[in-house]
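A.B. asks: Take a look and give me a structure for this.
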Amino acid sequence: MVSLVSLLVLALISSAPQAPQAPAAPALGGVFEVEAFGARPDGVTDCTKAIQAAIDKAAEKGGQVRLAAGKYLVSGSLSVKPGVAVVGVAVAPLYIKPLLGSVVLATGGRDKEDGPALFEMGDSSTVQGLTVYYPEQKPTAIRPYSWTFHLQGGDNTVESVTLINSYNAIRVGPEGNVRHRIRSVYGCALRRGILVDACSDIGRVENVQFHCHWWSDPSVGGAWEPVFEYMWKNLEAFVFGRTDWEFVTNNFVFPTNIGYRFIETKAGACNGQFSGNGSDASQVAVQVDQVQPMGLLITNGQFVSFNGTNPRGLVVSETCTGQVRLVNCNYWGSFRTIADLRGRSFVGFTGCYFSGWDAKAEGLPAIDARSGRLQVQGSSFVGKLGIRLGAGVRHAIITGNNGSNGVQIEDPAQKAIIRDNEPYPSPLPASKAYSIELGLGDSDEYLTGNWNGPEPSGNGPAGARGHRWTMGQAGLRLPVLPDTDYELTLWISTPRPDPTGLVAIVGGESVKLDKAGAQELKFRIPRALAAGKSEAELKITVKAWVPGKTATGNDDRTLGIQVFKAQMAAK
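C.D. replies: As a prediction, the model looks like this:
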């Protein structure tokens, strides 16, 4: 039974003034869902006309065209008009599989490289948050396609996009343009990654990665080996024609024919800042055919080349008249020569690291300067001949450099200022007992002859943490104390018997390599052998071979034997 007091309380509450309710938020204008225009994200229905209709509607006042998660077949070209953003659901680039998010299945532009791009982008246009996949492209029969994106005009953006298998990815120009923004684009580009031209005011390319990985999985029709091979033979990943004050930061490519290329077009050439960029599995990491007089500022780069018959790190062509400056850049891999300099202007290296050159033991230098002017300061060289100055060099300054065995410099024309470099060869400290682990980088100073790079790994013989492969004839410098006898223990592995192979202490004991497999070799080094010297020398002579030329191999390096560890002990 409800009491009279309870009823009175309820009446007072119901008659009390209520707080005003916030009005319902109006729907956000300028946002258009493509399904409202007839698009069907089923991967079968051609959505070209429906998406274009949504873009046209958004262009009336500017706005967003949204693609919900799903697969949209697009057989033609989409014109992204001024003020329009075509937006998918991804907020960052995606992994290679599965095909999730807003996926555009592109079938147009086949065999028509100069045809309309998938996305033709004008002033103030954006494409963001999409994945693009060409389902009719096949990794074993790659065909040309038109560009995926073509940017012209001012202030256009491609951002957070994933490319599964674009033939030509992103082109800026050749129409006049300013302030392009290409950010967080990941994926596979087969022939050209980004081509910038006719930009007259500060474009930006940031956080872009091209890699065969994105078209390696069978679920997207991919395959690692043919895609890897096509890219290193054909891809020019980042190409710059005329662009003023270009900022290029935090980008990477693997593999590639040319990682970063600078050319002259009808509109002109490039100047800009390039920081934190990398090129791996290249034929040529950086090629400069022409730049503006103020040229290129390249900092914190990592450049690796080992593909093709003439892998190089930096090529400055005869046509180049602008300056090239490199600071804090690292080069490693399996080069013929690292820097092939033939231009007519200035090239400078400051605080750089050079290793892995003269892979075929041709007597080539890390820096082969044939013309122009050169500055090398505060850099390190891990190998034999560091710098060769040709007769065409106008002037050079080479100061304050060091190396694993000093810095060897050839200057027959005597046109260089050379001072304060570590002498070649540099002496090594000796002790009664020490070990040289060939799989570690700090073994470089002991090496002579021709070696491949260190390959760290676990569980090697005698606790070795890696190994190196010799290339034909190789050797080790073995520092010794005066009036001291030593015993050398050497752990190696020979992949096959070599009756002509020989490991020998120069002037002393030797062992023939007439059996395959892991071996532990021992040599006596009596004090008389090194009398008056600070070191003994080990020579390794074997018949070179290339795994890629065998029935089951795919390694194109020139190899000899594996050497894991050398241990010296006084007796």
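A.B. asks: would you list every one of the helices in the stretch 151-300 of the chain?
C.D. replies: With DSSP state H, counting those that start in this stretch as the criterion, the stretch 151-300 of the chain has helices at 224-234.
A.B. asks: Quick one: the strands in it, in order.
C.D. replies: Taking DSSP state E, counting those that start in this stretch as the criterion, the stretch 151-300 of the chain carries its strands at 157-178, 181-196, 204-211, 236-240, 243-249, 252-254, 256-262, 270-275, 278-288, 296-299.
A.B. asks: what's near enough to touch the nearest residue to residue 204 once chain neighbours are set aside?
C.D. replies: Of all residues not flanking residue 204 in the chain, residue 247 sits nearest, at 4.8 Å (Cβ to Cβ, 6 or more residues apart in numbering). For glycine as for every other residue, the C-beta is placed from the backbone atoms N, C-alpha and C. Taking Cβ atoms under 8 Å, 6 or more residues apart in numbering, we find residue 247 in contact with 202, 203, 204, 205, 206, 272, 273.
A.B. asks: mind running it again at 10 Å?
C.D. replies: For residue 247, the residues meeting the contact criterion (Cβ atoms under 10 Å, 6 or more residues apart in numbering) are 202, 203, 204, 205, 206, 272, 273, 274, 275.
A.B. asks: Can you flag the buried ones in the residues you listed?
C.D. replies: Among the contacts of residue 247, those classed as buried by 16 or more other Cβ atoms under 10 Å are 203, 204, 205, 206, 272, 274, 275.
A.B. asks: Reformat the contacts of residue 247 as JSON lines; add pLDDT and distance to residue 532.
C.D. replies: Putting the contacts of residue 247 into JSON lines (pLDDT from 0 to 100; distance: Cβ to Cβ, whole Å) gives the following:
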{"residue": "202", "pLDDT": "95", "distance to residue 532": "65"}
{"residue": "203", "pLDDT": "97", "distance to residue 532": "64"}
{"residue": "204", "pLDDT": "98", "distance to residue 532": "63"}
{"residue": "205", "pLDDT": "98", "distance to residue 532": "60"}
{"residue": "206", "pLDDT": "98", "distance to residue 532": "60"}
{"residue": "272", "pLDDT": "97", "distance to residue 532": "57"}
{"residue": "273", "pLDDT": "97", "distance to residue 532": "54"}
{"residue": "274", "pLDDT": "98", "distance to residue 532": "52"}
{"residue": "275", "pLDDT": "98", "distance to residue 532": "51"}
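A.B. asks: Low-confidence regions, the chain specifically.
C.D. replies: Where the chain drops to pLDDT under 70, the residues are 1-28, 458-459, 550-554.
A.B. asks: where exactly do the helices run in the chain?
C.D. replies: If DSSP state H is used as the criterion, the helices of the chain fall at 4-15, 48-58, 224-234.
A.B. asks: Only the buried residues of the second one, if you could.
C.D. replies: Translated: helix 48-58. For helix 48-58, the buried set under the neighbour-count rule, 16+ other Cβ under 10 Å, comprises 48, 50, 51, 52, 53, 54, 55, 57, 58.
A.B. asks: gap between the fifth one and residue 125?
C.D. replies: This points to residue 53. As judged by Cβ to Cβ, to the nearest Å, residue 53 and residue 125 stand 16 Å apart.
A.B. asks: Same check on the third one?
C.D. replies: In this view, residue 51 and residue 125 are 14 Å apart by Cβ to Cβ.
A.B. asks: joint contacts of the two?
C.D. replies: Counting by Cβ under 10 Å, 6+ apart, the shared contacts of residue 51 and residue 125 are 80, 86.
A.B. asks: quick one on the thing from earlier: so which of the strands of the stretch 151-300 of the chain gets nearest residue 342?
C.D. replies: Evaluated over those, closeness to residue 342 peaks at strand 278-288, with 10.1 Å, by Cβ to Cβ.
A.B. asks: could you give the angle of the closest one to helix 224-234?
C.D. replies: Here strand 278-288 runs at an angle of 20 degrees relative to helix 224-234 (axes from the mean of the first three to the mean of the last three Cα atoms, to 10 degrees).
A.B. asks: Could you spell out the sheet neighbours of strand 278-288, each with its direction?
C.D. replies: Here the strand partners of strand 278-288, with direction, are listed using DSSP bridges: strand 252-254 (parallel), strand 256-262 (parallel), strand 302-305 (parallel), strand 312-316 (parallel).
A.B. asks: Residue 476: which of these is closest?
C.D. replies: Smallest distance to residue 476 across the strands paired with strand 278-288 (Cβ to Cβ): 25.6 Å, for strand 302-305.
A.B. asks: CA atoms only: put that closest one into CSV for me.
C.D. replies: Coordinates of each C-alpha in strand 302-305 appear next as CSV, following Å, rounded to 0.1, in the frame of the first residue of the first chain:
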residue,chain,number,x,y,z
GLN,A,302,72.1,3.2,-45.7
PHE,A,303,73.0,1.8,-49.1
VAL,A,304,73.5,-1.9,-50.0
SER,A,305,74.2,-3.3,-53.5
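A.B. asks: List the buried residues of it.
C.D. replies: Within strand 302-305, the residues that qualify as buried are 302, 303, 304, 305, counting by 16+ other Cβ under 10 Å.
A.B. asks: Test my guess that the third one contacts residue 353.
C.D. replies: Which is residue 304. No - checked against Cβ atoms under 10 Å, the pair residue 304 and residue 353 is beyond contact range at 11.9 Å.
A.B. asks: List the residues that are in contact with both of these two.
C.D. replies: When contacts are counted by Cβ under 10 Å, 6+ apart, residue 304 and residue 353 have 330, 331, 332 as shared neighbours.
A.B. asks: most neighbours, which of the residues you listed?
C.D. replies: Ranked by neighbour count (other Cβ atoms under 10 Å), the shared contacts of residue 304 and residue 353 have residue 331 at the top, with 26 neighbours.
A.B. asks: List the residues that contact that residue.
C.D. replies: Contact criterion Cβ under 10 Å, 6+ apart gives 285, 301-305, 312-314, 338-339, 349, 352-357, 366, 382 as the residues in contact with residue 331.
A.B. asks: make it 8 Å
C.D. replies: Taking Cβ under 8 Å, 6+ apart as the criterion, residue 331 is in contact with 285, 303-304, 313-314, 338, 352-357, 366.
A.B. asks: Which residue, other than its chain neighbours, is closest to residue 526?
C.D. replies: Taking Cβ to Cβ, 6+ apart as the measure, residue 526 lies nearest to residue 485, with 5.3 Å between them; neighbours along the chain are not counted.
A.B. asks: what about that neighbour, how many neighbours?
C.D. replies: Other residues near residue 485 come to 16 when the count uses other Cβ under 10 Å.
A.B. asks: try residue 270
C.D. replies: Residue 270 is surrounded by 29 other residues when neighbours are defined as other Cβ under 10 Å.
A.B. asks: I'd guessed it sits against residue 261; true?
C.D. replies: No - look at residue 270 against residue 261 with Cβ atoms under 8 Å: they stay out of range, at 10.0 Å.
A.B. asks: Common neighbours of those two, please.
C.D. replies: Overlap between the contact sets of residue 270 and residue 261, as judged by Cβ under 8 Å, 6+ apart, is given by residue 240.
A.B. asks: can you list the domains in this structure?
C.D. replies: Residue ranges of the domains in the chain are recorded as 39-234, 272-426, 433-570, according to automatic domain parsing.
A.B. asks: Just put those in CSV and tack on distance to residue 252.
C.D. replies: As requested, those are arranged in CSV below (distance: least, Cβ to Cβ, whole Å):
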stretch, distance to residue 252
domain 39-234, 5
domain 272-426, 4
domain 433-570, 20
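A.B. asks: Compare the ones you listed and give me the one nearest residue 32.
C.D. replies: domain 39-234 (4.6 Å).
A.B. asks: and that closest one, how far apart are its ends?
C.D. replies: With Cα to Cα, to the nearest Å as the measure, domain 39-234 spans 36 Å from end to end.
A.B. asks: starting at the chain centroid, how far to it?
C.D. replies: The chain centre lies 21 Å from the centre of domain 39-234; the measure is Cα atoms, centre = their mean, to the nearest Å.
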